[in-house]
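In: What follows is a predicted structure for the sequence shown.
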Amino acid sequence: MLEIKNLHARVEDKTILKGLNLTINPGEVHCIMGPNGSGKSTLSQVLAGRESFQVTEGEIRYKGRDLIELEPHERAGEGLFLAFQYPVEIPGVSGMQFLRAALNAQRKYRGEEELDAAQMMKLFRAKAAEVKIDMASLKRSVNEGFSGGEKKRNEMLQMAILEPSLAVLDEVDSGLDIDALKIVSDAVNAMRSVDRSFLLITHYQRLLNHIVPDFIHVLVNGRIVKSGGKELALELEEKGYAWVEEHANITVG
Amino acid sequence: MTTVANDIENLTKKEYKYGFVTDIESDTFPPGLNEDVVRAISKKKEEPEWMTEWRLKAFRHWQTMEEPHHWPQLKYTPTDYQSISYFSQPKKKDGPKSLEEVDPKLLETYEKLGIPLHERARLAGVAVDAVFDSVSVVTTFKETLQKAGVIFCPISEALREYPDLVKKYLGSVVPQTDNFFAALNSAVFSDGSFVYIPKGVRCPMELSTYFRINEASTGQFERTLIVAEEGSYVSYLEGCTAPMRDENQLHAAVVELVAMDDAKIKYSTVQNWYPGDEEGRGGIYNFVTKRGKCAGRNSHISWTQVETGSAVTWKYPSCILQGDNSVGEFYSVALTNNYQQADTGTKMIHLGKNTKSTIISKGISAGRGQNAYRGLVKIMKGAENSRNYTQCDSLLIGDRCGAHTFPYIDVRNTSSLVEHEASTSKIAEDQLFYVQQRGLDMENAVSLIVNGFCKDVFRELPMEFAVEATKLLAVSLEGSVG
């Protein structure tokens, strides 16, 4: 699904990613953890193709293609979805209108027939039911005046409707109370399947009580310094990132 | 960030879709303006003597006036009024009596413009009066309207058929001496539409006028007069296009609305005059005086405009709220791209008690476009318990355009309430990225965000017009990003 080799990336003059390697196979759920400033969010922005994040070295292959060559909307059309850490408000555009435009743009990109309003409605209802998220938010302007929890739920609803192959969830747990966290996690779990992969990016272990990943990677200073199974999260929780950093210095140094 | 700004700029570069010239033989006056030309226009239109005098009065006053150059936020080369032809009409033997008699080339032009003239008109339930250069070509659905007692015809025809009605109301809202452009229009207008809705009648269909300037070096000066008697209702739509030309062409229209007790007039405009090219060459100078008088109690006048065209726009559709409890509304989207300039807004003059006005203005600037909102809210001493709500938002696309807001508020009693809200924002890079991440390309992302920005105005437009406006906005923005 996704293969990242020796990825270096920078924002303005600051190099953030310094040789990151990561392979995600279909159906796998990976989690990247790490201290603030380690480059977690940079990775998500680079994957989605944000212009201000420049790849200076290395390669990213996605479904066998060179991802770096693709425009952001083309990546979306290829099934890459990013749940934003800070979902953006779009005043005057209803969630319904937004998703209709997005889904049809993606379908058009893939050479599929566009759906009419009735077909859309039916699809939205079915997908919302699958992830058990109320559709009422789609009547409102996208993210406008939404609480933190509403915004994250809305991201999950968009994900359910757009049915990506690879979903990158950037700090999807930040700012959520325990109930909202449960709703978001349940949505992700409902969408897990053999041909869909997830990349969770989080600072805290608590998300992993709800979404159990297949692999955990620790990102420190722009590189993955330790990888392991779900038990790694508990070890991190206990010993802290400092322990990994120390460990990283020994192994790398 | 800067690359995104550049991208956005490129998206606004899009060719003007309506820039074709129809090859039709025209009867055009030589350029120049004097009393003889005014008389000649009046004679061509077979007008009564009083009308010729009315025009001459306007012309004489116009000669004493100066074109306003100090206060509007506009920079342009002054028009040489002696180099313009003041009358142009497609050549023909007699006036067409029905669609079949209209020059097929004209009809073809309307086809290209997408005007619902033929059967399409009937399906859409829209009655159309099309003004080509200066002459009203055909008015559809006259009979249906006649049955309802509605008069909808070229104003030149109204002057012959209903002289008393025209005489009573013409200039009653915008006097000949009102301002430079209104005076010029009063002197030389050659056609336009007249609408009369009798007492208690709800006009059975939307009425519509399409204006097109075809001839080179001609000005277009149409005059529209709408009178809604007690308890009546009418919705009127106006659309405008022009071919692409290197020189600037002048359009100076006057629209007058009169609403009696409990009457409502809804006036919607989609203005898409040729805006000039990317370098700012050519384009229409659009100097328009639009004013409505809420003469009766509980009367209601609503202006909605989507202004995407013209090189220069100078336009302030206004309401005089004379009747007690009367309501005035102004909903506006004005888009300036490339070198376009717009100075537009409204005046709400509250005279009657408990009068209410709402102003929603959305200005979008892209390229090197300059967009100014200029609005006056005046509440007179006797207009007790009156209210105004103004919301004035500007959206900037790229970093070489400008937005300006000039609100004037004058309240002369203590029981009235005026609210004013204003905002200026840029399309943020994070908004664009968010929308693109969901699958829309840059152009469609900008279009979606801009449409959201304009929603409060678009929902005031009749359905067909709202669709057209949405498309027009997308087309006008193409090339502003890329």
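Out: Cool, got the structure. Numbering: from 1, shown residues only, chains lettered A, B, ... in the order given.

In: All the helices of chain A, residue numbers only.
Out: For chain A, applying DSSP state H gives helices covering A:40-48, A:72-77, A:95-109, A:117-130, A:148-162, A:178-191, A:231-252.

In: CA-only coordinates of the last one, as PDB, when you get a sec.
Out: The reference is to helix A:231-252. Output in PDB follows, covering the C-alpha atoms of helix A:231-252 (Å, rounded to 0.1, in the frame of the first residue of the first chain):
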ATOM      1  CA  GLU A 231       2.800  -3.900  23.600                       C
ATOM      2  CA  LEU A 232       5.400  -1.100  22.800                       C
ATOM      3  CA  ALA A 233       2.800   1.500  23.700                       C
ATOM      4  CA  LEU A 234       2.600   0.200  27.200                       C
ATOM      5  CA  GLU A 235       6.300   0.200  27.500                       C
ATOM      6  CA  LEU A 236       6.400   3.800  26.300                       C
ATOM      7  CA  GLU A 237       3.600   4.800  28.700                       C
ATOM      8  CA  GLU A 238       5.700   3.400  31.500                       C
ATOM      9  CA  LYS A 239       9.200   4.600  30.600                       C
ATOM     10  CA  GLY A 240       8.400   7.700  28.600                       C
ATOM     11  CA  TYR A 241       9.900   9.000  25.300                       C
ATOM     12  CA  ALA A 242      13.100   9.900  27.100                       C
ATOM     13  CA  TRP A 243      13.800   6.200  27.400                       C
ATOM     14  CA  VAL A 244      13.500   5.700  23.600                       C
ATOM     15  CA  GLU A 245      15.500   8.700  22.900                       C
ATOM     16  CA  GLU A 246      18.300   7.400  25.000                       C
ATOM     17  CA  HIS A 247      17.900   4.000  23.500                       C
ATOM     18  CA  ALA A 248      17.900   5.600  20.100                       C
ATOM     19  CA  ASN A 249      21.200   7.400  20.800                       C
ATOM     20  CA  ILE A 250      22.800   4.200  21.800                       C
ATOM     21  CA  THR A 251      21.600   2.200  18.800                       C
ATOM     22  CA  VAL A 252      22.200   4.900  16.200                       C
END
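
In: Report the buried residues of that helix.
Out: A:L232, A:A233, A:E235, A:L236, A:Y241, A:V244, A:E245, A:A248 (16 or more other C-beta atoms under 10 Å in any protein chain shown). (C-beta placed from N, C-alpha, C; glycine too.)

In: Show me which residues of chain A are close to chain B?
Out: Taking C-beta under 8 Å from any C-beta of the partner chain as the measure of proximity, chain A contacts chain B at A:48-52, A:71-73, A:75-77, A:81-82, A:84, A:86-93, A:97-99, A:101-103, A:105-106, A:109, A:141, A:158, A:162.

In: looking at the chain, which helix or strand is least sure?
Out: The chain I'm using is chain A. helix A:231-252 (a mean of 74; mean pLDDT, DSSP states H and E).

In: if you could check chain B rather than the one you did, that'd help
Out: Scanning chain B with mean pLDDT, DSSP H and E, the lowest is helix B:119-124, at a mean of 40.

In: by contact count, what packs against the lengthiest strand in chain B?
Out: The single longest strand within chain B, with elements called by DSSP state E, is strand B:283-294. Where contact means 3 or more C-beta pairs under 8 Å, 6 or more residues apart in numbering or on different chains; DSSP states H and E, strand B:283-294 is packed against helix B:180-188, strand B:248-251, strand B:254-259, strand B:264-271, strand B:300-307, strand B:312-315, strand B:318-321, strand B:327-336.

In: mind listing what the residue lying closest to A:D177 once chain neighbours are set aside touches?
Out: Excluding the flanking residues, the one nearest A:D177 by C-beta to C-beta, 6 or more residues apart in numbering or on different chains is A:G149, at 6.7 Å. Residues counted as contacts of A:G149 (C-beta atoms under 8 Å, 6 or more residues apart in numbering or on different chains) are A:G175, A:L176, A:D177, A:A180.

In: Buried members of those into ChimeraX, please.
Out: The ChimeraX command for the buried members of the contacts of A:G149 (criterion: 16+ other C-beta under 10 Å) is given here:
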select /A:176,180
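
In: Filter the contacts of A:G149 down to just the ones in strands.
Out: Per DSSP E, strands hold no members of the contacts of A:G149.

In: Mind telling me what element whichever residue of chain B sits closest to chain A is part of?
Out: Ranked by C-beta to the nearest C-beta, the top residue of chain B for proximity to chain A is B:G452, at 3.1 Å. Assigned by DSSP states H and E, B:G452 falls within helix B:442-453.

In: Show me what the helix or strand following that helix is packed against.
Out: Note on helix B:442-453: by DSSP H and E, the next helix or strand toward the C-terminus is helix B:455-458. With contacts taken as 3+ C-beta pairs under 8 Å, 6+ apart, helix B:455-458 sits against strand A:90-94, strand B:300-307, strand B:327-336, strand B:356-365, helix B:463-477.
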